[in-house]
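Asker: here is a sequence with its predicted model. Questions after.
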There are 4 protein chains.
Amino acid sequence: MSGTWGECLELSIFGESHGPGVGIVVNGLPAGIELDLDLINMEMGRRMPGKTSLATPRQEKDKYELVGGYFNSKTTGSPLCCMIWNQDQRSLDYEDIKGIVRPSHADFTARWKHAGFNDYRGGGHFSGRLTAPLVFAGAIAKQLLAKKGIVIGSHILSIGEVQEEPFDLRDVDFELLKELTEKEFPVIIEDKAGEMKDRILEAKKDEDSVGGVIEVGVANLPIGLGSPFFDSAESKIAHLLFSIPAVKGVEFGAGFHITKMKGSEANDGFILEDNQVRTTSNNNGGILGGITNGMPLVFRAAFKPTPSIGKVQRTVDVDKMEEVEISIKGRHDPCIVPRAVPVVEAAAALALLDLMIEKDGTGWMS
Amino acid sequence: MSGTWGECLELSIFGESHGPGVGIVVNGLPAGIELDLDLINMEMGRRMPGKTSLATPRQEKDKYELVGGYFNSKTTGSPLCCMIWNQDQRSLDYEDIKGIVRPSHADFTARWKHAGFNDYRGGGHFSGRLTAPLVFAGAIAKQLLAKKGIVIGSHILSIGEVQEEPFDLRDVDFELLKELTEKEFPVIIEDKAGEMKDRILEAKKDEDSVGGVIEVGVANLPIGLGSPFFDSAESKIAHLLFSIPAVKGVEFGAGFHITKMKGSEANDGFILEDNQVRTTSNNNGGILGGITNGMPLVFRAAFKPTPSIGKVQRTVDVDKMEEVEISIKGRHDPCIVPRAVPVVEAAAALALLDLMIEKDGTGWMS
Amino acid sequence: MSGTWGECLELSIFGESHGPGVGIVVNGLPAGIELDLDLINMEMGRRMPGKTSLATPRQEKDKYELVGGYFNSKTTGSPLCCMIWNQDQRSLDYEDIKGIVRPSHADFTARWKHAGFNDYRGGGHFSGRLTAPLVFAGAIAKQLLAKKGIVIGSHILSIGEVQEEPFDLRDVDFELLKELTEKEFPVIIEDKAGEMKDRILEAKKDEDSVGGVIEVGVANLPIGLGSPFFDSAESKIAHLLFSIPAVKGVEFGAGFHITKMKGSEANDGFILEDNQVRTTSNNNGGILGGITNGMPLVFRAAFKPTPSIGKVQRTVDVDKMEEVEISIKGRHDPCIVPRAVPVVEAAAALALLDLMIEKDGTGWMS
Amino acid sequence: MSGTWGECLELSIFGESHGPGVGIVVNGLPAGIELDLDLINMEMGRRMPGKTSLATPRQEKDKYELVGGYFNSKTTGSPLCCMIWNQDQRSLDYEDIKGIVRPSHADFTARWKHAGFNDYRGGGHFSGRLTAPLVFAGAIAKQLLAKKGIVIGSHILSIGEVQEEPFDLRDVDFELLKELTEKEFPVIIEDKAGEMKDRILEAKKDEDSVGGVIEVGVANLPIGLGSPFFDSAESKIAHLLFSIPAVKGVEFGAGFHITKMKGSEANDGFILEDNQVRTTSNNNGGILGGITNGMPLVFRAAFKPTPSIGKVQRTVDVDKMEEVEISIKGRHDPCIVPRAVPVVEAAAALALLDLMIEKDGTGWMS
C-alpha cells in the first residue's frame, strides 16, 4: 500500500511539496538513542537544494520538527515523528500548468490514479521533496549502523557520458567510504568532479538536463543479513531504491556486466584470510543467496535526467484533451544526481537496519 | 521475514530441493476460479529441467498436488496450497561436499545465517528449485491478468556476449508477446537462437557456464497500478525479481542507458492517439512516478552465469577451515537463462496482480 | 510492532500527551472524499474532555490540522496525516511524581520497556489522549461506511453496578443506533442516565472512580466481511479495541453468557424473511465463522475504572526503589466510559472499513 | 487477509477438513531447534478427538509430516511446513446437507463470501480441524518459551452453569500451571471435573450441547512484551483467540467484573517484594498499558455450545431457498471445551513468542 515500508523498522511517509509540509513516522527504534543531530543536519544538508549553481536556486531550509517519540533529547521507544515544514514554495508557478502534464513526471499517472484529486502543485506527494524525510530517517539508521562499525558511502560514477572509475569491488573499505562521505561532490578521481560539473552546467545552459549513476558501498556488514525468499538483501534495498523518483535501474556487484562473464570468471572463489572466509573477487557485491557474505556490499542506482527542462516539449493538456507544447521555466535542478547521493545511502541504511533487527530478533531462542 | 511476500495477494513459500518437496500457499485469490491447468503445466514445463541438451539432465517431473483451497475443480477462496514433491534427487552427490562451500552459491551464507543447521543438500531452501512453486503461482496470476486482456511475454536479450535486438519500447504489443510465449527458445530474431544455443553448448563443453539478460514486456496494463512511496510498480516487481537466485540487476524502460541521455531525449512526450493519452517514446518503460501509465511495461533482469561448473575453483572447507579446490560434477545447467524465462514472468505477474487487487479495493468508496 | 495497524486501511499513530501533539497517518483512503468535517468535529467533541462535571475539567480543544493528503477540501489519495496539537498541559503537575509509578497505569511498564526513556508526563504516548487521532480516523471510516447505509451506534450498558437494558440482539436497527448517536449520554432507558451520572458523581466526590461497559451495534453490514483464519471480524475488531487504554474484556453477541446456554438455545436458527436468509435469534452477534452474516453486529467492551484517583494508594518510587503512598490530585475523569463511546465506535468503524476494502479487492477477478 | 498471522513469527494456515489435509507454514523460527516431538504429540493428543465418551468418536490420527524446514532432526531456519493428512472423513455424511446451512456454523457465511465455491464438506476450511496445525505451531512456541522458564497452563473454569474456582489472579505460579497441563480434564478442584463431565454427558444424551469458559495463566513472563498502540499484549492474544471457532468472548485479569469495582478496589497497588516491583492484586491480569508487567498473565475465553446437535432445528435450504428442519446426526462433540484447552494455550504461546522476538530485535541498538 502507498505510504508504509518495512518489517522490523517501519516507515510511514506523508505530505506534499506545496502543502503544509512533509514528514515521516519511524517505528521500531529503540528507546534512549540520543539522535546525532549534526549527522541528521549534515545528511539533510547534502540533499538540500539551493546551495550551488549546480542545483535549483529554491531555498528549502528543510527545518525539521520532532513531534513525537523524542523527549529529553533521546528517543522514547514510541513512534518517532518528524515534520519538515514547507517554505519558499511558489504555488502560482504551477497553477498555470495544472492541466498540462509534464513529460516524464508523475503528473499524468498521479492524476489518473487519484481521479484528478491529487495535489498537482510541484508534484505534490510525488515530488522529490518526499526524499527529505527519507534522508532524515536514513541518518538515524546510519547512526545506529555506525555503532556496529558499519559505514555507507558512495560516489558519483557517471554524469551523462562522463564516467569515473568504479569501486574495486573487493576493496571498498571503511576509510574510502568515510572519505567520500565528506566530499561535497563525491568522486574517487578528483579530476572527474570538474568534468562532471561542467557537463551539468552545460545542460543547464542548454535548458536541458542530464542523469547519472551513483555507486554505493557498505563496509563491515555482518554476515547473515537477508533471506532467500522473498526478503533478500537485494530485494529489500531495491524496493526502497525504486521508490526514489527517477531511479530506473539497480544492480549489485558486477550487475549487468556479470551476464557477459563466464562462470569461471564471475564466481567469487572462497579463500581464508586471517582465518576468515573471504572471496577472491566480489562480483556478487557482498550478497550470496540473498544474504550478506561479509564482503563489501556494492550496488549502483541509475537516475534519469531531471524531467523538468526549459526546452520545448510535446505534451497534452488533459483538461482540454488537446496537444500542447510546454517549456518548464521553474527553478529546477539540471541534474538530480549530486543531491540524490544521501537519498540512496538513506535507502540502503534503512533496508540494512531492518534486516539487522530481524536477524537479531531470534537471538535468544537458539 | 523469510518466506512471505505480498500485500493483497500473499505468498508463503517453503521446502527444500532434497527434502520431501517444495510448495507455496497463495492467499487472496477469489473463489470460483477454474484453474487453467494447461497453462500451469505449460509454464511449469518451460521451467522444468531435463528437456534439452541445453539444460541439466535431471528429471524433475514437477508434479504438483493441490492440498488446500481447491474443490470441484475450482478455487474455494480459502488459502490455495500447492505441494510439488521431490523426485530424482541424488543426495549422495552432495554429501561429499558438505563442508566445501560452492563459490557464488548460497552454501556459505546459508550455513552462517542458520548456524550450520541449513539443509545443505543441493542448496536446500536456497535452491533454484524453489522457483517451481513461484511459477505455479505466477501461472495463476497470468490467467487472472489475461481476463483483463493483459499479457506478459519475454525474450532472451543476451546470452553472454551474444545479444539480440531489444524490444522497441513503444511497440511491445499483445501479438508479439503472445508469439514469444509460444517459442521454446524465445528470441525476436530467430537466427540469434542458434547463436545463443551454441554459446551455451560451448560453455557446457568447457565445463563452464554463461549468464544472460531476459527482457520482459507487459501489454494492455491499466493506468494507475503502483504508488510513489514505497510500493512503486518498479519496487514491487524488483522485490520479487531480486529474490530469484542469480538475478544481479533489474532495470526498467531505457534503464541504465537513460543516464546517458539528455532530458530532452529521455523524456517521453505526451500525445493523443485515438483520444487516448500516449507517449512519443517509452524510455520510462510504462511507469511514471511508480505508477503504470498505460504504455507497455518493459524491464530487464540480469542473470549471472550458473555458479556450478566443472572447472576447478578455489574454495574453503568450512568444517576444517582449510582452502581446497572444487570441481562440481553434478548435473547442472550450463546456463540458467532459458529456464528462468517463466520465472521472471511469474514474478511480474504476481507483482502486477497484487497491485491490481489493491487498486480495485477502494473502488466502491469514491 | 508498535504504532501501525491494518491491512487495506493502514494507520500509523504517534505523539504524546505533553509533547507537541498527537497525530495519525491514514493510508488506503480513496481520492476525492470531501471529508465530513462536521462529523469529525462532532465525534471528536464526544471524546473531548472538559465539557461537563462528569469529566475532567482539562480543556483540550483537540484542534486538528491536516498536514498531508488533503487538497481543495478533498482527500488526494495520498497518505492523510492529521496533527492534533497539544494545549493546556501542565507538565509540572507530573514532574513531582516522575519516579512514582501510578497504580493501574502504564507508568511502570512503559518505563521498563523503554528503559526509562519514555515521556512520563501524563502517560506520554500511553495516554488516553492518543485516542483522539483514533476518533479522527474513525469518523472518516464512519462517513465512508455511511455511504453504504451502514451505521454504528452504542449505549452505555453499565456504569459500575448500574445496568441498563441490553440491546435486543436481533433488533438493533438503523433508527435506534442513529438516535443513540445523537444523545449526549447514550442510554436506551432514559431514566438510567441519571442513575449512572449519579454513580459517577458519587465516585468523584469520594475521590474514587468507576468503570463500565459499552455496547455497540452495527446495522446494515453486508454479508461476507472477515475470514476464518486469522482475520475474523471478531479478531479485527477486538485487536483495535484491546489497544484502547482501560479495555479489559470484549465479547460478541451473547458473549460470555452464551457459555451457559445449551446448543439448542444458543444456536441461531435460519429463516427466510422477504426472501432473505435471517436468523431467529442473534446470539452470535452477527458473525459466523469469523464472517458477518447480515444480522446486526453487536459487541461489548469492558472498561476498568479510571486508574487516577485521589484516594491514597500504595505504590513504589522506582527511582529510589522504596514503597510510598500516592494520592493523584490532577484533573481526571472519575469515569472514562462516556468519553470512550466514540472511541469504541471508531475502532469498530476502522476494522469494518478495512474488511470492506479487502472484500472488494478481488471483485473483478471472479 | 485470510490465512496469515504475525509480525516476527509468521503463520500461514491452509487446508480443509475433508480434502487432502490441513497444514501450516511457520516463518521466523531460529535454526537448530530440536523440536520436542513428545511435546508436540502430547499437545496434539490433547486436542485430538475420539478419545473418550465426552468427545466425538471420529478417529483423527492427526499424524503430521514435516515437509520443509526440518533436517537432521532440527529446524533449518527456513520456513517450517507441517502437513496433517486427513483420515477417516466420511464425506457422504455431508453431501446430503449441502444446501442446508447448519445453524451457528459457518456454512452460510462461507458459502456467501465465497459465492458457493467453498468446500462445504464438514465445514471445509472453516472446520475446527484447522486448529490442529495451530496446536502444532503452538507446541513449538511453548517449547521455546519454556527455555526462558515461561509456562502456560489452563483449567476449565466452567461447563454450562457448572463453575469451578477461578485462578487467584496474583498467585498463578509455575507449579500450578504445570500440574494443570498434565491433567486429562484440567480443573483445580478435582470434584468439579465429575460434575462438568456429567453435564456434558447429559447434553450428549439429550442430543444437545454445552459451552464453557477456559481460563489460562502464564507464569514467569518478562516485563515489557507488547505495545500501547496497536499491538498490545491483549490485542495480539485476542486476535488469535477470536480466530478459534466458537470463541465469543475474551477477557483479561478481572475482565468484565472489573467494571463493577471502584478504582480504589480495582487498582493493583505496587509493592516491593525481594526488591522486585510487584502488585498487591492482579486485576489487570499481568498487563498494563498493553505491556506485560511481570505478574501472571491471566485471560479467559468463552466458548459457545457446539453448534452441531441432534435436536431438530429450523434452518434454510439455500439452494432451494426454502425453510427446512435439520437434525445433525454426525459424530460431534457435545462440548468442545475440553479439546479446546490446548488450542487456547497455543494461541497464547504464539502471540507471546511473537512479542518476545520483537522485544529482542532491537537489543543491540540501545
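Answerer: Good, I have the coordinates.
Asker: which ones are touching A:G23?
Answerer: Residues near A:G23 by CB atoms under 8 Å, 6 or more residues apart in numbering or on different chains: A:I13, A:F14, A:G15, A:V67, A:C81, A:C82, A:M83, A:I84, A:P133, C:V67, C:G68, C:C81. Yep, even glycine has a C-beta here, placed from its N, CA and C like the rest.
Asker: now for these, which pair is the farthest apart?
Answerer: Put simply, by CB to CB the two of these set farthest apart are A:I13 and A:V67, 14.5 Å from each other.
Asker: which one's more surrounded, these two?
Answerer: Set A:I13 next to A:V67 and count neighbours by other CB atoms under 10 Å in any protein chain shown: A:I13 wins out with 30 against 24.
Asker: tell me who's in contact with the more buried one.
Answerer: Shown in contact with A:I13 (CB under 8 Å, 6+ apart): A:G3, A:T4, A:W5, A:V22, A:G23, A:I24, A:L130, A:P133, A:L134, B:F229, B:F230, C:P79.
Asker: distance of it from C:G68?
Answerer: Look at A:I13 and C:G68: by CB to CB, to the nearest Å, they are 9 Å apart.
Asker: where do the strands sit along the stretch 51-200 of chain A?
Answerer: Secondary structure of the stretch 51-200 of chain A by DSSP state E, counting those that start in this stretch: the strands cover A:64-68, A:70-71, A:74-75, A:80-85, A:151-159, A:162-163.
Asker: closest to chain B out of those strands?
Answerer: Of all these, strand A:151-159 sits nearest to chain B, with 6.2 Å by CB to the nearest CB.
Asker: may I see the buried residues of the closest one?
Answerer: Residues of strand A:151-159 classed as buried by neighbour count (16 or more other CB atoms under 10 Å in any protein chain shown): A:V151, A:I152, A:G153, A:S154, A:H155, A:I156, A:L157, A:S158, A:I159.
Asker: what about it, near chain B?
Answerer: Yes - applying CB under 8 Å from any CB of the partner chain, one finds strand A:151-159 in contact with chain B at A:S158.
Asker: other SSEs contacting that strand?
Answerer: helix A:131-146, helix A:174-181, helix A:190-205, strand A:212-219, helix A:337-361 (3 or more CB pairs under 8 Å, 6 or more residues apart in numbering or on different chains; DSSP states H and E).
Asker: in CSV: the ones you listed, plus distance to D:I244, mean pLDDT and mean neighbour count.
Answerer: Compiled in CSV, the helices and strands packed on strand A:151-159 are given as follows (distance: least, CB to CB, whole Å; pLDDT from 0 to 100; neighbours: other CB atoms under 10 Å in any protein chain shown):
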stretch, distance to D:I244, mean pLDDT, mean neighbour count
helix A:131-146, 38, 97, 25
helix A:174-181, 52, 96, 17
helix A:190-205, 63, 96, 17
strand A:212-219, 45, 98, 25
helix A:337-361, 26, 95, 26
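Asker: okay, the ones you listed in JSON lines with distance to C:K113 next?
Answerer: Shown next, in JSON lines, are the helices and strands packed on strand A:151-159 (distance: least, CB to CB, whole Å):
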{"stretch": "helix A:131-146", "distance to C:K113": "19"}
{"stretch": "helix A:174-181", "distance to C:K113": "34"}
{"stretch": "helix A:190-205", "distance to C:K113": "48"}
{"stretch": "strand A:212-219", "distance to C:K113": "31"}
{"stretch": "helix A:337-361", "distance to C:K113": "16"}
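Asker: out of these, the one nearest D:A246 is which?
Answerer: Closest approach to D:A246 among the helices and strands packed on strand A:151-159 (CB to CB): helix A:337-361, 32.9 Å.
Asker: can you confirm A:K236 is in a helix?
Answerer: Yes - using DSSP: H, G, I helix; E, B strand; the rest coil, the assignment for A:K236 is a helix.
Asker: so who does the residue nearest to it when sequence neighbours are not counted touch?
Answerer: Nearest residue to A:K236, sequence neighbours excluded (CB to CB, 6 or more residues apart in numbering or on different chains): A:A351, at 4.1 Å. By CB under 8 Å, 6+ apart, A:A351 lies in contact with A:A233, A:K236, A:I237, A:H239, A:L240.
Asker: please redo it, this time with the cut-off set to 10 Å
Answerer: Contacts for A:A351 (CB atoms under 10 Å, 6 or more residues apart in numbering or on different chains) come out as A:5-6, A:9, A:138, A:141, A:225-226, A:231, A:233-241.
Asker: look up how far A:E7 lies from it.
Answerer: Taken as CB to CB, the span from A:A351 to A:E7 is 10 Å.
Asker: shared neighbours of those two, which are they?
Answerer: With CB under 10 Å, 6+ apart, A:A351 and A:E7 have common neighbours A:D231, A:K236.
Asker: circling back to that earlier point, JSON lines please, covering the strands of the stretch 51-200 of chain A and showing mean pLDDT and distance to B:H332.
Answerer: Formatted as JSON lines, the strands of the stretch 51-200 of chain A follow (pLDDT from 0 to 100; distance: least, CB to CB, whole Å):
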{"stretch": "strand A:64-68", "mean pLDDT": "95", "distance to B:H332": "53"}
{"stretch": "strand A:70-71", "mean pLDDT": "96", "distance to B:H332": "54"}
{"stretch": "strand A:74-75", "mean pLDDT": "96", "distance to B:H332": "50"}
{"stretch": "strand A:80-85", "mean pLDDT": "97", "distance to B:H332": "49"}
{"stretch": "strand A:151-159", "mean pLDDT": "98", "distance to B:H332": "34"}
{"stretch": "strand A:162-163", "mean pLDDT": "98", "distance to B:H332": "36"}
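Asker: and those strands: which comes nearest A:G263?
Answerer: Nearest to A:G263, of all those, is strand A:151-159, at 26.0 Å by CB to CB.
Asker: got the CA coordinates for the closest one in CSV?
Answerer: Taking C-alpha atoms only, strand A:151-159 is exported to CSV below (Å, rounded to 0.1, in the frame of the first residue of the first chain):
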residue,chain,number,x,y,z
VAL,A,151,29.7,2.6,7.2
ILE,A,152,27.9,3.5,4.0
GLY,A,153,29.5,5.7,1.3
SER,A,154,29.1,6.5,-2.3
HIS,A,155,30.4,8.3,-5.3
ILE,A,156,29.0,9.6,-8.5
LEU,A,157,30.0,7.0,-11.0
SER,A,158,28.8,8.9,-14.0
ILE,A,159,27.0,12.1,-15.1
